[in-house]
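J.: This is a predicted model, with the sequence first.
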Amino acid sequence: RLAVAAVFLVHGLSKLKKAKEMGGGMGMPAWFVLGLGAVESLAGLAMVLGLFVQVAALGLMAIMIGAIYYKVLKWNMRFTMTGATGWEFDLILLAANFALLLTGGGNIGLL
């Protein structure tokens, strides 16, 4: 859960910055990129804190399904690509969130 949280916190904060600086990005309006960044950041934070992990995982699964949809059907990206990330990374994040949805956040052993 912490690894998934780290990935989504980094990417979510990046989207928030991109929406603010560039007025959008990735061929999407700024309000949409802002929404994605907010959901990714809040879900990542929830996972770090161990709060609503399954709800956060469900929301992140929806985002990853959307990302795979765009990469495969809109942007014609292959599973793996040279010089760019294909949709293999998105698929593993989808699977990791599915595992968290089914199993919950668990105990990280520090408390």
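T.: Cool, the structure landed. Numbers count the residues shown, from 1 in each chain.

J.: Out of the helices and strands in the chain, which is least certain?
T.: strand 24-25 (a mean of 65; mean pLDDT, DSSP states H and E).

J.: For Met28, grab phi and psi.
T.: The phi/psi pair for Met28 (degrees, to the nearest 10) reads phi -130, psi 150.

J.: Please report how far it lies from Glu88.
T.: 22 Å (CB to CB, to the nearest Å). Heads up, the C-betas are built off the backbone N, CA and C, glycines and all.

J.: residue contacts, Ala43?
T.: 8, 12, 56-57, 59-60 (CB atoms under 8 Å, 6 or more residues apart in numbering).

J.: what helix or strand does it sit in?
T.: helix 30-49 (DSSP states H and E).

J.: Which of the residues in the following helix or strand past that helix are classified as buried?
T.: Per DSSP H and E, the first helix or strand lying C-terminal to helix 30-49 is helix 53-69. Within helix 53-69, the residues scored as buried using 16 or more other CB atoms under 10 Å are 53, 56-57, 59-61, 63-64, 67-68.
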